[in-house]
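>>> Let me see the structure of the following:
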Amino acid sequence: MSLEELTKKEQIINFARNDPFLKISDIAEHVKTTPRYVRTILSEANISLMKLREKYARNMEERLQVKESNSQKAEVRLINQKGEVTTGKIKLSKITNKEFRDLRKTHPEQELYKISQKRMIDGEIFGVQEIITYLNPEINKERIENLDSLYELFGDQSVNKLNFKNNIMQVENANQFLAKLLGISNNNPIIKSQKLILIAQMPIAIENCFFDADKVQLIIPGELIV
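Coordinates of the predicted model:
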């Protein structure tokens with residue numbers, strides 16, 4: 001059966017299953033309908049793009065038989081990888097009491113914001129990702145709240161253009177704020193990862209990731225030099 005012979009509902013499901021990395025708006029454009037209708041159809045069909053993407057990534061890893069010994073990147077890995085990995089609501093807040101001299105504005109009227117999102121497995125928080133960057137005053141908060149990835153703050157296609165610099169990982173004790181955020185006790189150990197995000201060699205954001213040290217492990221490839 002050709003694509004033209006499928007109903008809009010069938011086309012939406014077909015696009016989602018065959019290319020889970022398409023955005024809702026992309027599917028809507030292909031099918032010539034609205035993003036709201038796409039979300040409704042996917043919800044009724046119990047299809048989650050996030051789950052499909054995770055399944056696709058796992059399948060690709062198995063096909064490529066990625067071995068830890070060949071990895072050249074340090075990574076934070078869940079100790080218990082069983083269960084559904086999900087993300088929480090994206091939160092946006094303006095920063096007024098700090099200055100980040102390393103960051104550059106792309107427009108003089110931009111203001112400094114922190115955008116954060118929790119990461120969970122089976123509904124239990126194991127980490128928080130936050131990005132600090134300059135955004136325009138007339139920011140579209142609804143668009144940000146519906147991002148599939150915080151990296152999309154810098155444009156739908158920019159994830160492949162991003163560079164990362166000065167990635168520093170350290171173990172520290174959770175302060176009161178982070179303990180509450182991660183749902184752990186004060187002074188419990190956490191793993192913090194901080195790096196600079198660049199586009200065309202221009203530093204445009206700082207990314208901080210905080211993980212409950214009891215739920216993840218830090219994998220460092222190769223020889224450890226102290």
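>>> any idea which helix or strand carries residue 16?
Residue 16 is part of helix 8-18, with elements assigned from DSSP states H and E.
>>> Pull the residues that contact that helix.
Helix 8-18 has contacts (CB atoms under 8 Å, 6 or more residues apart in numbering) with 3, 6, 22, 27, 30-33, 37-38, 41-42, 45, 47, 49, 52. Heads up, the C-betas are built off the backbone N, CA and C, glycines and all.
>>> Farthest pair within those residues?
Farthest-apart pair in the contacts of helix 8-18 is 32 and 52; separation 22.2 Å (CB to CB).
>>> about what we covered before: so what's the gap between the next helix-or-strand element following the helix holding residue 16 and the chain middle?
For helix 8-18, the succeeding helix or strand toward the C-terminus, using DSSP H and E, is helix 24-31. Computed by CA atoms, centre = their mean, to the nearest Å, the chain-centroid distance of helix 24-31 equals 21 Å.
>>> Quick one: mean pLDDT for the helix or strand following helix 24-31?
With elements assigned by DSSP H and E, the helix or strand that comes after helix 24-31 is helix 35-44. Averaging pLDDT along helix 35-44 gives 91.
>>> Helix 35-44 - contacts with which helices or strands?
Secondary-structure packing of helix 35-44 (3 or more CB pairs under 8 Å, 6 or more residues apart in numbering; DSSP states H and E): helix 8-18, helix 24-31.
>>> List just the one of these that sits closest to residue 184.
Comparing those by CB to CB, helix 24-31 comes nearest, at 33.8 Å.
>>> Next, the buried residues of that closest one.
By neighbour count on 16 or more other CB atoms under 10 Å, the buried set for helix 24-31 is 24, 27-28, 30-31.
>>> contacting residues around residue 104?
For residue 104, the contact set (CB under 8 Å, 6+ apart) comprises 134, 202-204.
>>> Mark which of the residues you listed are buried, thanks.
Counted by 16+ other CB under 10 Å, the contacts of residue 104 give 134, 203-204 as buried.
>>> So if I had to pick from residue 32 and residue 52, which one is more boxed in?
The neighbour count for residue 32 versus residue 52, taken as other CB atoms under 10 Å, is higher for residue 52 (17 against 8).
>>> Name the helix or strand for residue 120, please.
Assigned by DSSP H and E, residue 120 belongs to strand 111-121.
>>> Tell me which helix or strand comes right after that strand.
Counting by DSSP H and E, the next helix or strand C-terminal to strand 111-121 is strand 124-135.
>>> residue ranges for the helices of the chain, please.
Listed in chain order, the helices found in the chain under DSSP state H are 8-18, 24-31, 35-44, 49-64, 141-145, 176-182.
>>> which stretches of this structure have low pLDDT?
Across the chain, the ranges flagged by pLDDT under 70 are 1-6, 58-74, 97, 156-160, 222-226.
>>> now the closest residue to residue 195 other than its chain neighbours: how far from residue 198?
Distances taken as CB to CB, 6 or more residues apart in numbering place residue 167 nearest to residue 195, at 4.0 Å, with adjacent residues excluded. Going from residue 167 to residue 198 by CB to CB, to the nearest Å gives 12 Å.
>>> The two: which has the busier surroundings?
residue 198 (17 against 12).
>>> give me every residue that touches the more buried one.
Contacts of residue 198 by CB under 8 Å, 6+ apart are 162-165, 204.
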